[in-house]
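Trainee: using only what follows, build the 3D model:
(one chain, ligands or ions: 1)
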Amino acid sequence: MDMNLSPEDAAFRDEVRAFIADKLPSEIKRKVETGVKLAKADFVRWQKILFEKGWIAANWPKEHGGTGWTPMQRHIFDEELAAGSTPMLIPFGLHMVAPVIMAFGTEAQKSHYLPRILSSEDWWCQGYSEPGAGSDLASLTTRAVADGEDYIVNGQKTWTTYAQHADWMFTLVRTAGEGKPQEGISFLLIDMTSPGISIKAIRTYDGGAEINEVFLADVRVPRANLVGEENKGWTCAKFLLGHERTGIAAVGRSKKQLARLKEIARAEQSGGRPLAEDPRFAERIASIEIDLMALESVVLNTLDEEARGNPPGPGSSLLKIKGTEIQQGLTELLFEAIGPYAAPYIPEAFEPGWNEAPIGPDYAMALAPTYFNWRKASIYGGSNEIQKNIIAKMVLGL
Ligand SMILES: Cc1cc2nc3c(=O)[nH]c(=O)nc-3n(C[C@H](O)[C@H](O)[C@H](O)COP(=O)(O)OP(=O)(O)OC[C@H]3O[C@@H](n4cnc5c(N)ncnc54)[C@H](O)[C@@H]3O)c2cc1C
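Mentor: Residues are numbered from 1 along each chain as shown. Okay, the predicted model is just below:
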């Protein structure tokens, strides 16, 4: 694949860059740049700006309100979003459940849910994992029992990112107990305002509260909310995970972090010279940059395949592993670059309205929490060990 920008692509990049510079609210940009927590309203506000421009669903087909962009345009768009310090697009609706609804949903489900995802009217969360079912997802025990026009759902989900904000949860539930564990699972959409749902936050060791436990006690869910066939939800689940893993590669965000790392390494001193001139540190930066360039070419190939009608398959596990190793490697180098200034822990500094002087340089404040937060990347979306098993079996045929 030719990675040089054609004149049309360069013009497209300039158009996206100018749009972001013009339309991204400065207070949101500042929050992203300084690591201050974004409120739900910040994410939604930015997503609505993109929606109004017609740019919210770069990965959707045109018939459903997508952009119809080429793989290269989608890649450029992602890069510009990251470079422009925009909030990340919440993937659960746009990138995860929407492709499943398009592929397996009824016409009624498509016409109800897809426009609401596009306009950010509904915020979605992912109810896959359970206390006893993570890597071994097929052992999940949350049960849905048919009762007239409804299912009655009982069980518990966990690690549910942003459940506290969600209007809807797409979830895997057990609808049959016989046969292989994968065969009795169904894919169900649950309204988070349904009676019987309760949410408990899980605190993470960077001080954040992104993830939750979700308890379901006799929750009535219309059978019309089943996507695909009953007991065939595993097919939807796997289809969705392929999309989730491709998105996790996040090349644009890593490029932004790399640029930041280089800037900090030029500003920090080591042995009387800029850290960037320390041969050991410079070598580590170069090594991660080379990995990132290689990952970028694989992502572009994957997007190209997708555009030809070949959805991401088990190969997307490679993107997940390499993408998250790079993300974690960058946060490690950033953390090391600031040395002792990584130590102060001031959680209030990341809440809106904090205006004390930082300890150390401005850029130091968010680096330690970011480092701790990103340990999650090799776990979520299916742990990296499991991705290696998938590659061994499904790609290498071992
Ligand atoms: C920050 C964060 C956000 C998340 N958000 C969501 C969400 O929104 N929705 C959702 O449904 N889930 C979410 N998850 C859950 C995530 O998908 C699971 O944590 C993950 O699949 C691992 O499952 P587990 O935590 O049960 O660990 P386990 O499956 O118990 O694994 C523990 C360890 O053993 C290793 N291991 C397990 N089995 C094997 C094997 N066969 N071979 C080799 N090694 C193995 C794993 O790699 C891991 O290191 C999130 C997780 C995190 C950390």
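
Trainee: please make it C-alpha for all contacts and neighbour counts, starting now.
Mentor: Will do.

Trainee: just give me the neighbour total for the closest residue in space to Glu289 that isn't next to it in sequence.
Mentor: Using CA to CA, 6 or more residues apart in numbering and skipping the chain neighbours, the partner closest in space to Glu289 is Leu258 (7.4 Å). Per other CA atoms under 10 Å, the neighbour tally for Leu258 reads 23.

Trainee: same deal with the one 3 residues further on?
Mentor: Here the number of neighbours of Leu261 (other CA under 10 Å) works out to 20.

Trainee: for it, give me its contacts.
Mentor: Neighbour list for Leu261: Leu330, Leu333, Leu334, Ala337 [criterion: CA atoms under 8 Å, 6 or more residues apart in numbering].

Trainee: how near is it to the ligand?
Mentor: Per CA to the nearest ligand atom, to the nearest Å, Leu261 is found 23 Å from the ligand.

Trainee: secondary structure element for that residue?
Mentor: Under the criterion of DSSP states H and E, Leu261 resides in helix 251-267.

Trainee: now that helix: mean pLDDT?
Mentor: The pLDDT scores in helix 251-267 average 95.

Trainee: what segments of the protein are helices?
Mentor: Under the criterion DSSP state H, helices of the chain are mapped to 7-23, 26-34, 40-53, 71-83, 91, 98-104, 107-118, 233-248, 251-267, 279-307, 316-337, 367-373, 384-390.

Trainee: of these, flag the one that's most buried.
Mentor: Among the helices of the chain, the stretch with the highest mean neighbour count (mean count of other CA atoms under 10 Å) is helix 316-337, at a mean of 23.

Trainee: now do that helix and helix 251-267, the angle between them.
Mentor: Interaxial angle, helix 316-337 versus helix 251-267 (axes from the mean of the first three to the mean of the last three CA atoms, to 10 degrees): 20 degrees.

Trainee: anything in helix 316-337 near the ligand?
Mentor: No: judged by CA under 6 Å from any ligand atom, helix 316-337 stays clear of the ligand, getting no closer than 11.6 Å.

Trainee: run through who's touching that helix.
Mentor: Contacts of helix 316-337 (CA under 8 Å, 6+ apart): 242, 245-246, 248-251, 254, 257-258, 261, 264-265, 268, 275, 285, 288, 291-292, 295, 298-299, 342, 367-368, 370-371, 374-375, 377-378, 384, 387-388, 390-391.

Trainee: ok, now stretch 121-137?
Mentor: Under the criterion CA under 8 Å, 6+ apart, residues 92-93, 116-117, 139-141, 156-163, 165-172, 382-383, 386 lie in contact with stretch 121-137.

Trainee: can you narrow these to ones near the ligand?
Mentor: Near the ligand, by the rule CA under 6 Å from any ligand atom, you find Trp159, Thr160, Thr161, Gly382, Ser383, Ile386 out of the contacts of stretch 121-137.
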